[in-house]
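S.K.: Need the 3D shape of this:
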Amino acid sequence: MSALATELLAADPDGAARAAIIQHTGVALADIVVVDLPGSDLDGAFRPAYFLAIDRAAARVVLSIRGTMTVQDAMVDLLADAEPLSSEDGGVRGDRASGSVHRGMARLAKALLESTAGTIMDVREKWASR
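M.R.: Below is the predicted model:
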């Protein structure tokens, strides 16, 4: 284990996740804004693990969502019925789409958008003003 990983583990509970993010992406510690690792209870089933970081080279705020890793993640995968994409399901900028979507992924995406949109916009505004 690197000295940075050891230091991060001692500093906070998300230290291992932050160390893994740094190791696998090259993102600087200072550019990791949020790390959210839901617990293993059923309430975490529609709260994916994700991190929010600043990509200085691309001048972007990045929301990275972990794929299937836990039983709770697999529960989302199993909700594979297609459901219609409604006109209210637009993106942060109000983009609209039509068609069908994986029901589990749609629920996950809606919940994640509701919980992170404000933070993403705040980070964009704060970072853009630098």
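
S.K.: so what's the spatially most central residue of the chain bridging to?
M.R.: In the chain, the centroid-proximal residue (C-alpha atoms, centre = their mean) is Tyr50; its distance is 3.0 Å. Beta-bridge pairing for Tyr50 (DSSP bridges): Asp36, Ile65.

S.K.: In contact with it, which residues?
M.R.: Val34, Asp36, Leu63, Ser64, Ile65, Arg66, Leu112, Thr116 (C-beta atoms under 8 Å, 6 or more residues apart in numbering). The way it works is simple: take the backbone N, C-alpha and C, and place the C-beta from them, glycine included.

S.K.: Which among those residues count as buried?
M.R.: Buried members of the contacts of Tyr50, counted by 16 or more other C-beta atoms under 10 Å: Asp36, Leu63, Leu112, Thr116.

S.K.: For the nearest residue to Asp81 once chain neighbours are set aside, which residues are in contact?
M.R.: With C-beta to C-beta, 6 or more residues apart in numbering as the criterion, Asp81 has its nearest non-adjacent residue at 4.7 Å, and that residue is Arg103. Going by C-beta under 8 Å, 6+ apart, Arg103 touches Leu79, Ala80, Asp81, Ala82, Glu83.

S.K.: how close does the fourth one sit to Gly104?
M.R.: In other words, Ala82. Separation of Ala82 from Gly104 (C-beta to C-beta, to the nearest Å) stands at 11 Å.

S.K.: likewise the last one?
M.R.: In this view, Glu83 and Gly104 are 10 Å apart by C-beta to C-beta.

S.K.: Looking at the two, which is more packed in?
M.R.: Gly104 (20 against 14; other C-beta atoms under 10 Å).

S.K.: in a helix, that's where the more buried one is, yeah?
M.R.: Yes. With DSSP: H, G, I helix; E, B strand; the rest coil as the criterion, Gly104 is part of a helix.

S.K.: Now for it: which residues touch it?
M.R.: Applying C-beta under 8 Å, 6+ apart, the residues near Gly104 are Met75, Val76, Asp77, Leu78, Leu79, Ala80.
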